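S.K.: here is my input, please return the structure:
(one chain, ligands or ions: 1)
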Amino acid sequence: MEKFYVTTAIDYVNATPHIGHAYEKIAADIVARYYRMRGKDVFFMTGVDEHGSKVEKSAQDAGKSPKEFCDEMADKFKTAWEKLNLSYDHFIRTTDDYHEKAVQTLFLKLLEKGDIYKGTYTGLYCEGCEDFVRERDLDDSGNCPNHKRPPKKLEEENYFFRLTKYKDRIRTWLDTHPNAVRPEGRKKEILNQLVDPELADFSVTRSRKSLTWGIPVPGKEDQVIYVWIDALSNYITGAGYPHDPERFARYWPADLHLIGKDINKFHSIFWPALLMAADIEVPRQVFAHGFITVNGQKLSKSLGNVIDPISLVNNYGADAVRFYLFAGTPFDNDGDFSLKDFIEKVNAELANNLGNLLNRVLKLVTDHCGAVVPNCDPEHTLRSQANEIHVVVQKHMEALEFAKALEAIFALSDQANKYFNDEKPWALFKQEKRKEGEEVLFTCLEVLRRIAMNLYPFTPQLANDIWHQLGYTDDVGVIGDKKDDDFFDMIRPGMKINQTGPVFKRLELAAEDAVSAAV
Ligand code: ME8
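M.R.: Residues are numbered from 1 along each chain as shown. Model (predicted):
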């Protein structure tokens, strides 16, 4: 069985998960479910990034020890992901013992090789970015443009990673692997950064005086391994490096690192360079997605618009959130979340377009065909379109064009509604045109079957509910384990359908959301 290893960025635990974090994790889940369904051995990993001064400070503010604070926060992330129906295989915490040991091993390996060396760093450091910043990148008030606060001046003895040694190899990698960094615009950004003379060796440790909450440099107690080498390594340590060589050999290299556009440099330059230095294969693809804004504004604690994914799911259900975040907004662009639009779009597509189609078709099958799939095999252009939907969806899924995949699926549902309205099967049965009536119902059932299969990665619960109402007793997501024929074959004549009421209930604005929806 072919493997597929997909990862997400690991989130800082200094604050609770927000809709932007959820966006990325759901994307990875969609990919994981899609490839599992297509028969791949998927390893889907997500997790949290727990070290660093930001987290240490948040713990202090909360009156807790960093470890105690991180334990609570890691649970909050896990709860959110469970609510959103994420099917990750492993949740990594950078405070996990195996991870800490592995990071130290990697550090010593690079030190021994001479790719990590000791130097003195003087510069400006932004705690928000957990990165050194350049004077010329600051805004007019001397603040970090991302975090709107001044960076700190730092002079420290640190260990550095010899990034400059690997610049040419990274360029060659990008030139010879056109899909290694995507989308195209983000790759160009990386190519420009590679020729910037200011892209220098970077610091991989901090003095214990300025950072205590981190992995100690082995044998050098005054130095702590600095966040990025610790964080990036999660992708290999979580897959078994070096403690489980068999698992590591099975899943590495990662097939897809999903990350946000703000951390592209770390993933498309620092990370491959670290791997090259350690003689480990580089990932197959880094994909930098866009950012979610809320009502057109950047997510910000001070604006109070940091939507909590848990309350969103509690009020509207996981499928609605999963669907909305990926319908409409191309994954490589920024997209906006507005409650009003969310409710409108979800009701229009999931309740009206798809839900009604299912209800109307199944009602006629119940009333006129004894609740059994009619025994026929009609030819119709709509059926041919339905037969091809997986090809269209596959093309979009491989390119991570989620919005286009959804558009194709819902266009099919739209067409089926139109066909149903035009053919009026209820009238056909009344006019004793049973054969014609059955053929219309069969065609619609087949469309619904295809929709359920293709929709599954996006809205697993809804897809399963449709699947079960169509009469199947298993889970739509396990279809990939079966013969391909089952996937591509038609709905089974003679199968008893199981109509149990609306598959998707229209959403109503929750009272607590009324104020923000009015914005
Ligand atoms: O950067 N919309 O953690 P993080 C979409 N720990 N994605 C968003 C977003 C938004 N509004 N805001 C953040 C870190 N993200 C590091 C990563 S990986 C080895 C270490 C994305 O909690 C962001 O781009 O700040 C990143 O991919 C992820 O959420 C975690 O962000």
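S.K.: any figure for the gap between whatever residue of the stretch 51-200 of the chain ends up closest to the ligand and T122?
M.R.: Closest residue of the stretch 51-200 of the chain to the ligand, Cβ to the nearest ligand atom: E130 (7.7 Å). C-beta coordinates here come from the backbone N, C-alpha and C atoms, glycine included. According to Cβ to Cβ, to the nearest Å, E130 stands 18 Å off from T122.
S.K.: and the two? Which one has more around it.
M.R.: E130 (21 against 9; other Cβ atoms under 10 Å).
S.K.: give the buried residues for stretch 193-206.
M.R.: Of all the residues in stretch 193-206, those buried under the rule 16 or more other Cβ atoms under 10 Å are Q193, L194, L199, D201, F202, S203, V204, T205, R206.
S.K.: do stretch 272-290 as well
M.R.: 272-278, 280, 282-283, 285-290.
S.K.: okay, D484: pLDDT?
M.R.: Looking at D484, its pLDDT is 56.
S.K.: no, scratch that, I was asking about I491
M.R.: On the pLDDT scale, I491 is placed at 89.
S.K.: so how far is the ligand from it?
M.R.: 38 Å (Cβ to the nearest ligand atom, to the nearest Å).
S.K.: need the contact list for that residue.
M.R.: V373, F442, L445, E446, R449, L470 (Cβ atoms under 8 Å, 6 or more residues apart in numbering).
S.K.: quick revisit: can you tell me which of the buried residues of stretch 272-290 lies nearest to A399?
M.R.: F287 (9.8 Å; Cβ to Cβ).
S.K.: what helix or strand is the closest one on?
M.R.: Assigned by DSSP states H and E, F287 falls within strand 286-289.
S.K.: need the per-residue pLDDT for the closest residue to the ligand within the chain.
M.R.: Relative to the ligand, the nearest point of the chain is G260 (1.7 Å; Cβ to the nearest ligand atom). We have a pLDDT of 98 for G260.
S.K.: what pairs with it across the strands?
M.R.: Here G260 sits in beta bridges with H289, as judged by DSSP bridges.
S.K.: isn't it up against A288?
M.R.: Yes. Between G260 and A288 there is a contact at 6.6 Å, judged by Cβ atoms under 8 Å.
S.K.: name the element D341 belongs to?
M.R.: D341 belongs to helix 339-346, assigned by DSSP H and E.
S.K.: how far does that helix sit from its chain's centre?
M.R.: 21 Å (Cα atoms, centre = their mean, to the nearest Å).
S.K.: please apply the same query to stretch 200-216.
M.R.: Chain-centre distance of stretch 200-216: 30 Å, with Cα atoms, centre = their mean.
S.K.: outside of it itself, which residues are in contact with it?
M.R.: With Cβ under 8 Å, 6+ apart as the contact definition, stretch 200-216 has outside contacts at 51-53, 55-56, 59, 66, 100, 103-104, 107, 116, 119, 121, 132, 154, 156-164, 217, 221-230, 270.
S.K.: among those residues, which are in strands?
M.R.: Applying DSSP state E to the contacts of stretch 200-216, the entries found in strands are 116, 119, 121, 132, 154, 156-161, 217, 221-225.
S.K.: derive a PyMOL selection command for the buried subset of those.
M.R.: Buried members of the ones in strands among the contacts of stretch 200-216, defined by 16+ other Cβ under 10 Å, are picked up in PyMOL with:
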select buried, resi 116+121+132+154+156+158+159+160+161+217+223+224+225
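S.K.: report the two of the contacts of I491 separated the most.
M.R.: It's F442 and L470 that sit farthest apart of the contacts of I491, by Cβ to Cβ, at 11.9 Å.
S.K.: of the ones in strands among the contacts of stretch 200-216, which are in range of the ligand?
M.R.: For the ligand, no contacts are drawn from these by Cβ under 6 Å from any ligand atom.
S.K.: how about low-confidence regions in the stretch 401-519 of the chain?
M.R.: In the predicted model, the stretch 401-519 of the chain carries pLDDT under 70 at residues 479-488, 514-519.
S.K.: up against the ligand, what does the stretch 201-350 of the chain have?
M.R.: A231, L232, N234, I259, G260, D262, I263, F291, I292, L299.
S.K.: which residue packs closest to W252, ignoring adjacent ones?
M.R.: A239 (5.3 Å; Cβ to Cβ, 6 or more residues apart in numbering).
S.K.: contact partners for that neighbour?
M.R.: Y5, F43, M45, R247, F248, Y251, W252, A254.
S.K.: what does I19 give?
M.R.: I292, V294, L299, V306, I307, D308, P309, L312, L325, F337.
S.K.: look up how far N264 lies from it.
M.R.: Per Cβ to Cβ, I19 is found 20 Å from N264.
S.K.: give me the below-cutoff pLDDT ranges for the protein.
M.R.: Flagging of the chain using pLDDT under 70 yields the residue ranges 479-488, 514-519.
S.K.: I'd say P151 and C144 touch.
M.R.: Yes. With contact defined as Cβ under 8 Å, P151 counts as touching C144 (5.6 Å).
S.K.: what do these two both touch?
M.R.: Jointly contacting P151 and C144 under the rule Cβ under 8 Å, 6+ apart are C126, V133, L138.
S.K.: give the contact list for the residue of the stretch 51-200 of the chain closest to the ligand.
M.R.: G52, S53, K54, Y226, V227, W228.
S.K.: can you give me the helices for the stretch 201-350 of the chain?
M.R.: Using DSSP state H, counting those that start in this stretch, the helices of the stretch 201-350 of the chain run over 227-232, 234-237, 245-251, 264-265, 271-277, 309-316, 318-326, 339-346.
S.K.: from the chain's centroid, how far away is the shortest one?
M.R.: What separates the centre of helix 264-265 from the centre of its chain is 17 Å, taken as Cα atoms, centre = their mean.
S.K.: name the helices or strands packed onto it?
M.R.: Using 3 or more Cβ pairs under 8 Å, 6 or more residues apart in numbering; DSSP states H and E as the contact test, the elements touching helix 264-265 are helix 184-194.
S.K.: and for the helix it packs on, what's in contact with it?
M.R.: 167, 170-171, 174, 180-181, 199, 261, 264-265, 268-269, 288, 332.
S.K.: give the buried residues for that helix.
M.R.: R186, K187, E189, I190, Q193, L194.
S.K.: could these go into CSV alongside distance to M37?
M.R.: Converted to CSV, those look like this (distance: Cβ to Cβ, whole Å):
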residue, distance to M37
R186, 28
K187, 29
E189, 33
I190, 32
Q193, 37
L194, 38
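S.K.: which residues in the stretch 401-519 of the chain form strands?
M.R.: Counting by DSSP state E, counting those that start in this stretch, no segments of the stretch 401-519 of the chain form strands.
S.K.: distance check, N146 against K261.
M.R.: Per Cβ to Cβ, N146 is found 12 Å from K261.
S.K.: how about stretch 83-102: buried residues?
M.R.: Within stretch 83-102, judged by 16+ other Cβ under 10 Å, the buried ones are 83-86, 88, 91-96, 99-100, 102.
S.K.: for it, measure first residue to last.
M.R.: For stretch 83-102, the separation between the terminal residues is 31 Å (Cα to Cα, to the nearest Å).
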